[in-house]
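J.: Give me a model of this one.
(one chain, ligands or ions: 1)
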Amino acid sequence: MVAAQRALSSDAGYIDDPFAAPLVRAVGIDVYTRLVNGEIPVGDYAGFDPARMARGMAVRTRFYDNYFIEATRTGIRQAVIVAAGLDARAYRLPWPDGTVVYEVDLPDVIEFKTSTLRDLGAEPTAQRRTVAVDLRDDWPAALREAGFDPEAPSAWSAEGLVVYLPPEAQDALFGNITALSAPTSQVACEFVPDTTIFKDPRWRAHHDRMTELGFQVDFDELVYHYERSHIIEDLIKRGWQVQHRPVAEMHAANGFQYADDEIAQAFGDITYLNAVKG
Ligand code: SAM
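T.: Below is the predicted model of the structure:
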């Protein structure tokens, strides 16, 4: 789903991810294939707007792209993409020579992306090292085994991940990242202050219309709703200096108007944050 949105964003010219659409087609879920092929009629479904998806994903993708590039400008040469999914940054960003990009995800996901991109003739633009592991297991050990050096500064991303973790796994994630991060390391992620937005009637109405179009993901069932640590406060306590910006401001910074309808309001509290250790 995220890769499909990146494909829309690429088609609109907002980002350049030539691998998003081929990856979506290779996955082969009909509704997403039709979405990237422009075959889903917008029709009367007022809440469904591919142009809006393209803008929203452009904001998100540019945020993480710029974050990593800026991190390498400070001399960082280790990037860790936690829950990398179908993210193709290891194949498309202009990483400086000597950069190692670690991609952590479940074994099936890693294998699928690696073989699909190989078949497409794609070449990594950094030293790409995969870490096929369940984040509920001892992933720091797997990361070190893959060559990660905790004594050298690193840049981490957890894009589109945290709401899919239970609260204790979220705490463990940032605890482990902190323990593995030398001073001046960086981390970036989104912060969704309130996951109950997926139960909000405004979102449910939108979800129902999407279901009629063939989309079968219900975020309400995917996310963990329990009370969880406030990521910004948690990172500050762990010794990080945090910068954060809400999604509407991020749209404005990218020259996009943030929609002012009910769905947009329901998601207005989502924040993008990046932090530096020490
Ligand atoms: N970061 C990518 C992006 O933004 O395109 C992927 C985001 S996707 C919504 C969530 C990712 O988390 C998936 O790739 C999924 O395989 C991974 N994931 C979820 N639970 C996981 C777990 N327990 N261990 C490892 N990866 C997990």
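
J.: what about Arg73, how many neighbours?
T.: The number of residues packed near Arg73 is 9, by other C-beta atoms under 10 Å. Backbone N, C-alpha and C define where each C-beta goes, glycine included.

J.: any idea how far Asp108 is from the residue in the stretch 1-150 of the chain that the ligand sits nearest to?
T.: Residue nearest to the ligand within the stretch 1-150 of the chain: Gly85 (2.6 Å; C-beta to the nearest ligand atom). Distance, Gly85 to Asp108, by C-beta to C-beta, to the nearest Å: 11 Å.

J.: Kindly report the same for Lys277.
T.: On the measure of C-beta to C-beta, Lys277 and Asp108 end up 32 Å apart.

J.: who's more crowded, those two?
T.: The neighbour count for Lys277 versus Asp108, taken as other C-beta under 10 Å, is higher for Lys277 (20 against 9).

J.: Tell me the pLDDT of that one.
T.: Note for Lys277: predicted pLDDT of 98.

J.: show me the contacts for it.
T.: Each residue near Lys277 by C-beta atoms under 8 Å, 6 or more residues apart in numbering is listed here: Thr178, Ser181, Ala182, Pro183, Thr184, Ser185, Gln186, Val187, Gly239, Trp240, Gln241.

J.: Establish whether the helix or strand containing the first one and the ligand are in contact.
T.: This points to Thr178. Per DSSP states H and E: Thr178 is located in helix 167-180. No - counting by C-beta under 6 Å from any ligand atom, the ligand is not contacted by helix 167-180; separation bottoms out at 7.8 Å.

J.: So which other helices or strands are in contact with that helix?
T.: On a contact count with 3 or more C-beta pairs under 8 Å, 6 or more residues apart in numbering; DSSP states H and E, helix 167-180 meets helix 139-145, strand 155-158, helix 231-237.

J.: Quick check: which of these is buried the most?
T.: For the helices and strands packed on helix 167-180, the largest average neighbour count (mean count of other C-beta atoms under 10 Å) is found in strand 155-158, namely a mean of 26.

J.: ok, that one: who's next to it in the sheet?
T.: With DSSP bridges as the test, strand 155-158 is paired with strand 78-82 (parallel), strand 186-191 (parallel).

J.: How about the shortest one and the ligand, touching?
T.: This points to strand 78-82. No - using C-beta under 6 Å from any ligand atom, strand 78-82 never reaches the ligand; the gap is at least 6.8 Å.

J.: between that strand and helix 167-180, how many degrees?
T.: With axes from the mean of the first three to the mean of the last three C-alpha atoms, to 10 degrees applied, the angle from strand 78-82 to helix 167-180 works out at 170 degrees.

J.: List the neighbours of strand 78-82 that are in contact with it.
T.: With contacts defined as C-beta under 8 Å, 6+ apart, strand 78-82 is touched by 68, 71-72, 87, 89-90, 95, 99-104, 126, 135, 143, 148-149, 152-159, 161, 173, 177.
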